[in-house]
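In: only geometry, no sequence info:
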C-alpha cells in the first residue's frame, strides 16, 4: 500500500495555468495554437517544469546506499576482471609469445 | 551491507546463478585474449605498445570490445554487430508493416524477430570482420607502427577467409553467451558483457592518467579524475532513481463473499525511462560512417569530410551529432518500450483508473502527455552526461577523445550495475533476506 504522493492535474493546459497568465486578455477561440510558436514553446517548457516538480527524487539516504552499493559492485567486478585478464594475459603470452 | 553480498553467495540457487555468470565472464575474457589464427602475435603486441593512445577511430569500439579488437583476438568484434543488428531491426519494425505485425503477435512474433536479429548479426559480423582483417593485412590498422605490414605474415586468400570465419564465429559465441546469461544467470546478458568489456579497460586507462600526469607524479590528476568519476556515479544514480509516480486506483469488487482490489498504487515513470540504451545506440551508429570510410579507402571529398569530423570524439560536429542522436534515441526507445494505449487498456480491464481522468482514451492521452514532458529532461540529461567529460577533456587536455572514463562508459557501467544489483536484491528478498539496499 503506497500513499498517493502528488496532486492530480488534468492535462488541459489552456484551462489551468494558462488562464492565470492571460486573464486580462479576452478569451480566445478556446482552442490551443492561437499563440505564436514561441508562446507554445514557453507553455511546453512550463509544463515540463510542472511535471518535474511532481517527480519523486531519491532522498539522501537512498542515494548514498544506492551509490555505495553500485560502487562496491563495480569495483568488485573490475577487480575480478582485472585478475582474470592478468592471468589470461600471462597464459596467452606463454603459449604464443 | 557487505554481508549482503556474502548472503547472496550463501543462498543456493542465487549462488548458482552468480557463479554461472562469473563463469561466462571468464570464458568471455578468455576469448578476448586468444589471438585469431594467421596473425603474428608478437608483432601485434609490439604495435599496440607503439601506437598506444592515438588510435582514435577504433578507440570507442575497442573499448566496447574490451580491448580485444586491436589485439585481433577471436572475440575481436565483440557484441557490436549484435547491438547494431538489434538497432536496425528495431528501426525497421517501425517502417516495415510485416515486422510490426510480427511484433504485435506477441511471444511467437518476438522469437521470430530475435531470429532475424541473429541472422543480421552474422551478416554484419562477416562485413565488419572482413573490414578489420583487410585493414590488418594492409597494415593501416596501426598507422605509425614500423612493422605493421607484417601483422599477417601469410597473405593468401585462405588465411584471410579463416580469420574472417573465426571472428564471425566468435561474435556468434558471444551472442550465445549473452543469451545464456539472460536465461540462467543474473541480469541482461548483453549488458553484462558490455559492462565487463568496459570494466576490463578501466584499470589501464586510470593508470594511464596517472602516468601521463605532471603534477606530483600525476597523483593529483589521478585523484581528481577519480573524484569527478565518483561524483558522476552519484549524479547518474540520482537521476536513474527519480520517478514520476502516476497514482492508480483500483475499484473494489465483490466476487462471491470476498472483495478484491480497492488498492491504490502507482505507475512509475522514470525520468530517464530509456536507460542507457540511447547512449549505446548513438555511439555504435556514429561509428558507422568512419568505418565505411576506413574500409572503402576512398579519398573523395565526402570521405575526407567524414574522416575529419567524425573520427575524433572531441570534434564539435561529432559531439553535436552524438548529442542529437542520444536525444532522438531516448524518445524513440521510450516510444517503442512504453505504449500508453496498452497500459490504459490494461488498467481499464482490471478496473483501475487514474483519479480525475476517465478510463480508456483520456487515460492514454494523459500518460503520453506526462511521458512526453518527462522524457525531455531525461533525454537532455543523457546527452549532457555523455558529453560533459569529453568536452572537459577536450578543453583541458586536448588528448584522446575516447577517454574510457567518459560519460558514455560511466552511464553504461552505473546503469548496468544498478540494474544487476536490483535484480540480485529482488532475488534475495524472495527468500526473505534483507538485501543490500536497506
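Out: Arrived safely, thanks for sending. Keep in mind that what you see is a predicted model, and the values were worked out from it rather than measured.

In: what packs against the helix or strand encompassing residue A:46?
Out: In this assignment (DSSP states H and E), residue A:46 forms part of helix A:37-53. Contacts defined by 3 or more Cβ pairs under 8 Å, 6 or more residues apart in numbering or on different chains; DSSP states H and E place helix A:37-53 against helix A:17-21, helix B:361-396. (Glycine included, C-beta is placed from N, CA and C.)

In: Can you tell me how far the residue positioned nearest the centre of chain B is from residue B:227?
Out: Closest residue to the average C-alpha location of chain B: residue B:280 at 4.2 Å, with Cα atoms, centre = their mean. Distance of residue B:280 to residue B:227, given as Cβ to Cβ, to the nearest Å: 26 Å.

In: in the helix holding residue A:46, what counts as buried?
Out: Residues A:43, A:47, A:48, A:51, A:52 are the ones in helix A:37-53 that count as buried (16 or more other Cβ atoms under 10 Å in any protein chain shown).

In: Please enumerate the helices of the stretch 251-400 of chain B.
Out: In order along the chain, the stretch 251-400 of chain B carries the following helices (DSSP state H, counting those that start in this stretch): B:277-296, B:301-309, B:316-337, B:340-349, B:361-396.

In: Can you list the low-confidence ranges for chain A?
Out: Scanning chain A for pLDDT under 70 picks out A:1-34, A:97.

In: before we move on, what about chain B?
Out: Ranges of chain B meeting pLDDT under 70: B:1-4, B:51-61, B:139-149, B:212-218, B:261, B:294-299, B:307-314, B:389-390, B:392-406, B:432-438.

In: And the strands in it?
Out: Listed in chain order, the strands of chain B (DSSP state E) span residues B:243-250, B:252-255, B:258-261, B:264-270, B:352-353.

In: Can you say which of the helices and strands packed on helix A:37-53 is nearest to residue B:97?
Out: With Cβ to Cβ, the closest approach to residue B:97 among the helices and strands packed on helix A:37-53 belongs to helix B:361-396: 22.3 Å.

In: Provide a list of residues in contact with residue B:324.
Out: residue B:383 (Cβ atoms under 8 Å, 6 or more residues apart in numbering or on different chains).

In: how much space between it and residue B:379?
Out: 10 Å.

In: what does residue B:273 give?
Out: Distance from residue B:273 to residue B:379, counting by Cβ to Cβ: 10 Å.

In: Name the residue in these two with the higher neighbour count.
Out: Shown here are residue B:273 and residue B:379; by other Cβ atoms under 10 Å in any protein chain shown, residue B:379 has more neighbours (25 against 20).

In: show me what contacts the more buried one?
Out: Contacts for residue B:379 (Cβ under 8 Å, 6+ apart) come out as B:274, B:278, B:326, B:327, B:330, B:331.

In: change it to 10 Å
Out: By Cβ atoms under 10 Å, 6 or more residues apart in numbering or on different chains, the contact list for residue B:379 reads B:271-274, B:278, B:323, B:326-334.

In: was I right about residue B:322 contacting residue B:285?
Out: Yes - counting by Cβ atoms under 10 Å, residue B:285 is a contact partner of residue B:322 at 9.4 Å.

In: the more surrounded of the two?
Out: Counted by other Cβ under 10 Å, residue B:322 and residue B:285 do not tie: residue B:322 has more neighbours, with 24 against 19.

In: Distance check, the more buried one against residue B:385.
Out: Distance, residue B:322 to residue B:385, using Cβ to Cβ: 12 Å.

In: can you count the residues close to residue B:196?
Out: Neighbour count of residue B:196, defined by other Cβ under 10 Å: 23.

In: what's the closest non-adjacent residue to the residue nearest to the centre of chain B?
Out: Excluding the flanking residues, the one nearest residue B:280 by Cβ to Cβ, 6 or more residues apart in numbering or on different chains is residue B:83, at 6.2 Å.

In: Is the one you found in contact with residue B:279, as I believe?
Out: No - counting by Cβ under 10 Å, residue B:83 stays clear of residue B:279, with 11.3 Å between them.

In: who's more crowded, the two?
Out: Counted by other Cβ under 10 Å, residue B:83 and residue B:279 do not tie: residue B:279 has more neighbours, with 26 against 21.

In: what's near enough to touch the more buried one?
Out: Residue B:279 sits next to B:322, B:325-326, B:329-330, B:382-383, B:385-386, B:407-412, B:415 when contact means Cβ under 10 Å, 6+ apart.

In: Buried ones among those residues?
Out: Buried by 16+ other Cβ under 10 Å: B:322, B:325-326, B:329-330, B:382-383, B:385-386, B:407-412, B:415, out of the contacts of residue B:279.

In: ok, which of those residues also contact chain A?
Out: Applying Cβ under 10 Å from any Cβ of the partner chain, the subset of the buried ones among the contacts of residue B:279 adjacent to chain A comprises B:410, B:415.

In: Please name the nearest non-neighbouring residue to residue B:187.
Out: Leaving out its chain neighbours, the residue that sits closest to residue B:187 by Cβ to Cβ, 6+ apart is residue B:420, at 4.0 Å.

In: okay but that neighbour is in contact with residue B:21, surely?
Out: Yes - counting by Cβ under 10 Å, residue B:21 is a contact partner of residue B:420 at 8.9 Å.

In: Find the residues that touch each one of these two.
Out: Listed as contacting both residue B:420 and residue B:21 by Cβ under 10 Å, 6+ apart are B:185, B:186, B:187, B:192.

In: Angles on the backbone of residue B:273, please.
Out: phi -60, psi -30 (degrees, to the nearest 10).

In: give the contact list for it.
Out: B:243-244, B:330-331, B:333-334, B:337-338, B:371, B:374-375, B:378-379.

In: Can you tell me how far it is from residue B:381?
Out: Residue B:273 sits 12 Å away from residue B:381, going by Cβ to Cβ.

In: Between these two, which contacts overlap?
Out: Common contact partners of residue B:273 and residue B:381 (Cβ under 10 Å, 6+ apart): residue B:330.

In: Could you list the contact residues of the stretch 51-200 of chain B toward chain A?
Out: Remark: the part of the stretch 51-200 of chain B in contact with chain A comprises B:66, B:67, B:71, B:73, B:192, B:195, B:196, B:197, B:198, B:199, B:200, using Cβ under 10 Å from any Cβ.

In: one more time with 8 Å, if that's ok
Out: Counting by Cβ under 8 Å from any Cβ of the partner chain, the positions of the stretch 51-200 of chain B adjacent to chain A are B:195, B:196, B:199, B:200.

In: Nearest residue to the second one in space, please, no chain neighbours.
Out: Taking Cβ to Cβ, 6+ apart, and ignoring the residues beside it in sequence, residue B:196 has residue B:25 as its nearest neighbour in space, at 5.3 Å.

In: unless I'm mixing things up, the one you found is touching residue B:195, no?
Out: No - taking contacts as Cβ atoms under 8 Å, residue B:25 lies outside contact range of residue B:195: 9.4 Å.

In: Residue B:223: neighbour count?
Out: Number of residues near residue B:223 (other Cβ under 10 Å) recorded here: 14.

In: ditto for residue B:270
Out: Residues near residue B:270, counting by other Cβ under 10 Å, number 19.

In: and what of residue B:205?
Out: Residue B:205: 19 neighbours (other Cβ under 10 Å).

In: before we move on, back to that, among the contacts of residue B:273, who's most crowded?
Out: Each of those was scored by neighbour count (other Cβ under 10 Å); the top score is that of residue B:330, with 27 neighbours.

In: give me every residue that touches that residue.
Out: By Cβ under 8 Å, 6+ apart, the contact list for residue B:330 reads B:272, B:274, B:278, B:375, B:378, B:379, B:382, B:383.
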